[in-house]
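Colleague: take a look and give me a structure for this.
(2 chains)
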Protein chains: 2
Amino acid sequence: MIEDKNQQRTPLSELGEFKLIEHLTKHLDIKLKSTVKGIGDDAAVIDIKEKNIVVTTDLLVENVHFDLSYMPIKHLGYKAIVVNLSDVYAMNAQATQVTVSIAVSNRFPLEALEELYAGIETAAKVYNVDVVGGDTTSSTTGLIISVTAIGEVEQNDVVYRNGAKPNDLLVVSGDLGAAYMGLQVLEREKEVFKVNPNNQPDLDAYTYIIERQLKPEARKDIVSLLKDLEVKPTSMIDISDGLSSEIIHLCTQSNVGCDLYENKIPLDPQVISTCEEFKIDSTTIALNGGEDYELLMTVPQEDFPKIKANPNLSIIGFITEESRGMHLVTRGESRIPIIAKGWNALND
Amino acid sequence: MIEDKNQQRTPLSELGEFKLIEHLTKHLDIKLKSTVKGIGDDAAVIDIKEKNIVVTTDLLVENVHFDLSYMPIKHLGYKAIVVNLSDVYAMNAQATQVTVSIAVSNRFPLEALEELYAGIETAAKVYNVDVVGGDTTSSTTGLIISVTAIGEVEQNDVVYRNGAKPNDLLVVSGDLGAAYMGLQVLEREKEVFKVNPNNQPDLDAYTYIIERQLKPEARKDIVSLLKDLEVKPTSMIDISDGLSSEIIHLCTQSNVGCDLYENKIPLDPQVISTCEEFKIDSTTIALNGGEDYELLMTVPQEDFPKIKANPNLSIIGFITEESRGMHLVTRGESRIPIIAKGWNALND
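Modeller: Coordinates of the predicted model:
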């Protein structure tokens, strides 16, 4: 979404590839001591002393992962960074550097890419990471963004997906389902707009859920919080692909089962009211909606006093022996097997 | 290019995203001690002790960077890794890990991606790197491959683009222009094939140049060679975007000029004969053809005895004061300013 149709439009071919990346990245300054060399050589150079590094990568494709008809392109740049940092935090690591590659078709003027990079730059500032590399090239159709994020962590602090133990508490950060419901509202307004382009939507009742969709945040604060609380989770995973699919990943890799309590799942009031409006079951959305950049973790029982009163963390169940399976315990106390219905980009 | 049209074709939607990445990566084993955790968590974990790490990333887009009508998809997987490793070696570092993300449209069956990963796996074996992460997703049109490569290097061994000094020797590895001429031959055969699909091309006279296009190698050996020779270049750069554009990068970033001798540019006999056949000037091709995954470096004069007889290295000129500018000294001894005509993906 490039907001003002009358603004300046500079064709990309005027600059060429080298000048383009130089132009887009010239405002990015190096903030971290560990960044020895950022953009401008064949590769970036990073000095991380005796820590371990973590690396994760994601590819965002136009009309698969985002729709520019309602996604402001600056927000897209911000979100592209955030989705990768979330995976770094899920390792209990601090994000330090990112590389960004974009492929773009001729229909995008330079000004659109400047907006995209403004969002990237903002995210880099907010999360205190350096943008250390990238590639810009052309695409035959839409916009593609590939981000690789690097983080550092003390060797003994890394948290994997596979360490959950029976009796551990199942804990999730934040609340669930908001990003998905935000998307439903945006899709509905897009349809209304097609019929009546002069309609001014009143989105006041949906501000939180729309922001969760368009400008999600990654839980850098949870990594710091856990350190402050002196809690090291036995396992942790980013749940942006959906709570149910990620619980399954975590339990399968840890060779455990779990009981997840429906009435413990944290929901924002806007999610509850919007689910009622759309006549959708809020538990289904919380389990399968996806795009909640929250962290699911397992914590030893003895750490219960440290986390019980924390508003950022909800205890939603506990880990069982593998043979007990993975179940949702409903409000009516029936036990339903958890099945993955998370977001799948490869479905027809 | 999927060679046998009658082979099995499994639609990707049958597997879904998680199973797909699992299926494609299950043969990839971890080889390096520094790879603490590869694929299978939110991020990979790497332990590099007290060295520096280098990071580089590249995006390959169908019909911009490759044409599957003559590029076997296995070779494409191989090449996608090689082009990134070349940037790691250009930092005088050893490549250690890569992440691979692919976006793919429904027209690709599973078997095509298996071929792609077979090429990736072969390259990982040949270059002794671990594949530690990745993402698979769908694309609305063609195939997109994003690779990030990580390498390690002793802090004092890193070589940047900006360290060239007046009087340094200008040195290039291998020979130049072959990949571009290989592409010309392939493009010609594609046109012939369109007219007469039964024509069996005789490509014996072009084996070297076609291989340089379809299955290029990165110069890992040069990093080891320089170590053995006890030569540390003052600057180094990968020249796959074209010799002339990269000489300009190196000189500009080092604030120096250079004299490049036309008669010293290393050319394979197949390049010379194919240039004659196509009536193209071989120097122009060597300067601007691109896709030669060779290293350009500057070496102090006093190291001349160490490199002079090495068949892998050609001295093609020397560095001058910045005020002298950057020139090609022709066979006829005229001095022509070097201008960048390297490959540019963003041109119309």
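
Colleague: which stretches in the stretch 51-200 of chain A count as helices?
Modeller: A:73-89, A:110-127, A:178-195 (DSSP state H, counting those that start in this stretch).

Colleague: how about the last one: buried residues?
Modeller: Within helix A:178-195, the residues scored as buried using 16 or more other C-beta atoms under 10 Å in any protein chain shown are A:178-186, A:189. Placement of C-beta: from N, CA and C, glycine included.

Colleague: using PDB, write out every CA atom in it.
Modeller: Extracted C-alpha coordinates of helix A:178-195, given in PDB (Å, rounded to 0.1, in the frame of the first residue of the first chain):
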ATOM      1  CA  ALA A 178      -5.700 -11.600  17.700                       C
ATOM      2  CA  ALA A 179      -3.700 -11.500  14.500                       C
ATOM      3  CA  TYR A 180      -6.000 -14.000  12.800                       C
ATOM      4  CA  MET A 181      -9.100 -12.100  13.800                       C
ATOM      5  CA  GLY A 182      -7.500  -8.800  12.700                       C
ATOM      6  CA  LEU A 183      -7.000 -10.400   9.300                       C
ATOM      7  CA  GLN A 184     -10.700 -11.400   9.100                       C
ATOM      8  CA  VAL A 185     -11.700  -7.800   9.700                       C
ATOM      9  CA  LEU A 186      -9.200  -6.500   7.100                       C
ATOM     10  CA  GLU A 187     -10.400  -9.000   4.500                       C
ATOM     11  CA  ARG A 188     -14.000  -8.000   5.200                       C
ATOM     12  CA  GLU A 189     -13.200  -4.300   4.800                       C
ATOM     13  CA  LYS A 190     -11.400  -5.100   1.600                       C
ATOM     14  CA  GLU A 191     -14.600  -6.700   0.200                       C
ATOM     15  CA  VAL A 192     -16.700  -3.700   1.300                       C
ATOM     16  CA  PHE A 193     -14.200  -1.400  -0.300                       C
ATOM     17  CA  LYS A 194     -14.500  -3.200  -3.600                       C
ATOM     18  CA  VAL A 195     -18.200  -2.600  -3.600                       C
END
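
Colleague: quick one: contacts of that helix?
Modeller: Identification of contacts with helix A:178-195 by C-beta atoms under 8 Å, 6 or more residues apart in numbering or on different chains yields A:67, A:69-70, A:199, A:201, A:203, A:206, A:208-214, A:216, A:268, A:270-271, A:274-275, A:278, A:280, A:285, A:289-293.

Colleague: tell me the first helix or strand C-terminal of it.
Modeller: As assigned by DSSP states H and E, the chain's next helix or strand after helix A:178-195 is helix A:207-214.

Colleague: which helices and strands does whichever helix or strand comes after that following helix pack with?
Modeller: The helix or strand immediately downstream of helix A:207-214 is helix A:220-229, counting by DSSP H and E. In terms of contact count using 3 or more C-beta pairs under 8 Å, 6 or more residues apart in numbering or on different chains; DSSP states H and E, helix A:220-229 is assigned the packing partners helix A:73-89, strand A:94-104.

Colleague: what residues does the stretch 101-250 of chain A have near chain B?
Modeller: Residues of the stretch 101-250 of chain A lying near chain B by C-beta under 8 Å from any C-beta of the partner chain: A:101-103, A:106, A:132-142, A:144, A:146, A:148-151, A:153, A:155, A:158, A:160-162, A:236-238, A:245, A:249.

Colleague: if we use 7 Å, what do you get?
Modeller: A:101, A:103, A:132-135, A:137-142, A:144, A:146, A:148, A:150, A:155, A:158, A:160-161, A:237-238 (C-beta under 7 Å from any C-beta of the partner chain).

Colleague: among the residues you listed, name the buried ones.
Modeller: A:101, A:103, A:132-135, A:137-139, A:141-142, A:144, A:146, A:148, A:150, A:158, A:160-161, A:237-238.

Colleague: and A:Glu291, how many neighbours?
Modeller: 22 (other C-beta atoms under 10 Å in any protein chain shown).

Colleague: isn't it right up against A:Ile239?
Modeller: No - A:Glu291 is not in contact with A:Ile239 according to C-beta atoms under 7 Å; the separation is 9.6 Å.

Colleague: hang on, A:Ile237 in a strand?
Modeller: Yes - assessed by DSSP: H, G, I helix; E, B strand; the rest coil, A:Ile237 belongs to a strand.

Colleague: report pLDDT for it.
Modeller: Looking at A:Ile237, its pLDDT reads 96.

Colleague: bridging residues for it?
Modeller: A:Leu296 (DSSP bridges).

Colleague: ok, now A:Val131?
Modeller: A:Val98.

Colleague: how far away is it from B:Ile150?
Modeller: Distance of A:Val131 to B:Ile150, computed by C-beta to C-beta, to the nearest Å: 17 Å.

Colleague: can you list the domains in chain A?
Modeller: Domain ranges of chain A: A:12-157, A:169-178+A:215-337, per automatic domain parsing.

Colleague: which among the contacts of helix A:178-195 count as buried?
Modeller: A:70, A:206, A:208-210, A:212-214, A:216, A:268, A:270-271, A:274-275, A:280, A:285, A:289-293.

Colleague: helices and strands of chain A: which one bottoms out on pLDDT?
Modeller: helix A:17-25 (a mean of 70; mean pLDDT, DSSP states H and E).

Colleague: helix or strand right after it?
Modeller: Past helix A:17-25, the next helix or strand by DSSP H and E is strand A:35-37.

Colleague: from the chain's centroid, how far away is that next one?
Modeller: Mean C-alpha position of strand A:35-37 versus that of the full chain (C-alpha atoms, centre = their mean, to the nearest Å) differs by 26 Å.

Colleague: any idea how far the closest residue to A:Asn199 other than its chain neighbours lies from A:Leu186?
Modeller: Computed as C-beta to C-beta, 6 or more residues apart in numbering or on different chains, the closest residue to A:Asn199 that is not its neighbour in sequence is A:Val192, at 5.6 Å. Distance from A:Val192 to A:Leu186, counting by C-beta to C-beta: 11 Å.

Colleague: which one of the buried residues of helix A:178-195 is nearest B:Asp41?
Modeller: The shortest approach to B:Asp41 among those belongs to A:Ala179, at 22.6 Å (C-beta to C-beta).

Colleague: so the nearest residue to that closest one once chain neighbours are set aside, which of the three states?
Modeller: Take A:Ala179 and drop its neighbours on the chain: the residue closest to it by C-beta to C-beta, 6+ apart is A:Glu291, 3.7 Å away. Secondary structure, three-state DSSP: A:Glu291 is coil.
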